[in-house]
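Trainee: Just the structure for this:
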Amino acid sequence: MAGGLVALLDDIAALAKLAAASIDDVSAAAGRAGVKAAGVVIDDTAVTPRYVVGLSPDRELPIIGKIALGSIANKLLLILPLALLLSAFAPWALTPILMLGGAYLCFEAAEKILEALKGEHHADEVAEITDAKALEKRQVLGAIRTDLILSAEIMVIALSQLPAEMSVITRAGALVLVAFAITVGVYGVVALIVKMDDIGLHFSRNGGGATAALGRGLVRAMPLLLSALSHLGVAAMVWVGGGILLHGMEEFGFGALPHAVHHWSEAAGAGLGGVGAIVTWAVYALGSAIAGLVAGSIIVLLLHLLPRKGH
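Mentor: Numbering: from 1, shown residues only. Predicted structure coming up:
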């Protein structure tokens with residue numbers, strides 16, 4: 001009996017070690033995959049706050065919570081199963097899907113830039129809806145639809161960074177960790193951003209000296225922060241989208257432009273010592289952004305200007 005118990009304990013210990021090793025594998029894989037998706041995360045964080053602008057302050061956090069739950073559902077219930085099926089049965093499809101998403105990001109950014117240059121400002125539909133519940137539902141659904149595109153990019157980018165020999169279970173575990181970590185990170189930051197003016201108002205009214213001054217500074221900084229986030233979101237879209245397109249071109253054998261951008265970035269950072277890596281990254285990001293802006297502008301031209309010219 002004692003021998004059987006010892007054997008059972010040995011088996012449990014072996015299983016525990018195996019589980020711990022698996023958790024380490026999943027965590028490491030999730031870390032590698034999540035870093036590559038960081039650019040889309042910036043865009044996701046920059047885009048989301050606009051969905052609570054103009055709504056009641058006491059509903060801001062509940063609305064962000066609903067959007068976050070919708071984002072998790074997008075990632076785990078829709079995107080994760082499809083991504084795993086594609087990786088198992090049609091891995092060749094991942095790069096074209098990534099390129100389509102990258103092209104969409106480039107198009108969105110180019111269209112926003114074109115509208116800004118033309119001075120166009122679309123009227124916000126928030127004012128057209130007077131029922132608070134209907135308005136909240138519309139905003140939440142709109143945010144979740146936008147999140148679906150960005151989440152798909154995040155998950156497919158993350159999946160593309162996982163080793164091909166990794167088991168399906170470990171891949172799924174890594175992607176689940178990425179989904180939760182990115183969703184909590186993005187919507188935690190969004191919640192902080194949209195409540196920053198309330199925090200600043202509280203500090204200015206209830207604090208003294210430096211605390212009150214900090215509160216007034218936070219209130220004054222909010223419009224500037226939201227404007228900066230809007231510009232950062234556009235920059236992230238062309239940078240990430242362009243980088244995805246360059247990578248896809250290289251995989252499909254059209255390596256002249258990707259190799260040129262890589263060569264220019266390496267040349268720019270050569271001989272600069274400790275800052276060389278930063279300069280190399282910055283030049284490559286700039287090259288990716290320019291490529292993304294050109295691609296997005298072509299798509300805008302094809303989808304908008306040519307049809308209008310024919311009318």
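
Trainee: going forward, measure contacts and count neighbours with C-alpha atoms only.
Mentor: Fine.

Trainee: So the closest residue to N206 other than its chain neighbours: helix, strand or coil?
Mentor: Residue nearest to N206 in three dimensions, not counting chain neighbours: A212, with 7.3 Å by Cα to Cα, 6 or more residues apart in numbering. Taken by DSSP: H, G, I helix; E, B strand; the rest coil, the conformation at A212 corresponds to helix.

Trainee: what separates A212 from L226, distance-wise?
Mentor: 22 Å (Cα to Cα, to the nearest Å).

Trainee: Contacts only, for the residue nearest to N206.
Mentor: F203, S204, R205, N206 (Cα atoms under 8 Å, 6 or more residues apart in numbering).

Trainee: Redo these as TSV? Include secondary structure.
Mentor: What follows is the contacts of A212, written out as TSV (three-state DSSP):
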residue	secondary structure
F203	helix
S204	helix
R205	helix
N206	helix
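
Trainee: which of the residues you listed are buried?
Mentor: Among these, those scoring as buried are F203, S204 (criterion: 16 or more other Cα atoms under 10 Å).

Trainee: Between the contacts of A212, which sits nearest G274?
Mentor: The nearest member of these to G274, counting by Cα to Cα, is F203 at 40.9 Å.

Trainee: Please name the nearest non-neighbouring residue to that closest one.
Mentor: G215 (4.6 Å).

Trainee: residue ranges with poor pLDDT in the chain?
Mentor: 1-57, 120-132, 305-311 (pLDDT under 70).

Trainee: mind running it again at 50?
Mentor: 1-6, 8-9, 11-23, 29-30, 32-34, 123-127, 309-311 (pLDDT under 50).

Trainee: all helices for it, in order.
Mentor: Taking DSSP state H to define them, one finds helices in the chain at 2-36, 38-47, 60-73, 80-89, 94-118, 132-160, 168-194, 196-206, 210-251, 256-269, 276-300, 306-310.

Trainee: looking at those helices, which is buried most?
Mentor: Comparing the helices of the chain by mean neighbour count (mean count of other Cα atoms under 10 Å), helix 38-47 comes out on top with a mean of 22.

Trainee: just to revisit the earlier point, can you tell me how far the residue nearest to F203 is from M237?
Mentor: 32 Å.

Trainee: tell me the phi and psi of P163?
Mentor: phi -60, psi 140 (degrees, to the nearest 10).

Trainee: just the one 3 residues further on next, same as before
Mentor: Backbone geometry at M166, expressed as degrees, to the nearest 10, gives phi -70, psi 140.

Trainee: Can you give me the neighbour number for it?
Mentor: Applying other Cα atoms under 10 Å, we find 13 other residues in the vicinity of M166.

Trainee: Now do the contacts for the residue nearest to F203.
Mentor: By Cα under 8 Å, 6+ apart, the neighbours of G215 are I199, G200, L201, H202, F203, S204.

Trainee: A295 now?
Mentor: A103, C106, F107, G242.

Trainee: got the contact list for the second one?
Mentor: What it means is C106. M237, V238, G241, G242, G292, L293, A295, G296, S297.

Trainee: at 10 Å instead, please
Mentor: C106 is in contact with 100, 112, 234-242, 245, 289, 291-300, counting by Cα atoms under 10 Å, 6 or more residues apart in numbering.

Trainee: L114 reaches I298, doesn't it?
Mentor: No. Using Cα atoms under 10 Å, L114 is not in contact with I298, being 11.9 Å away.
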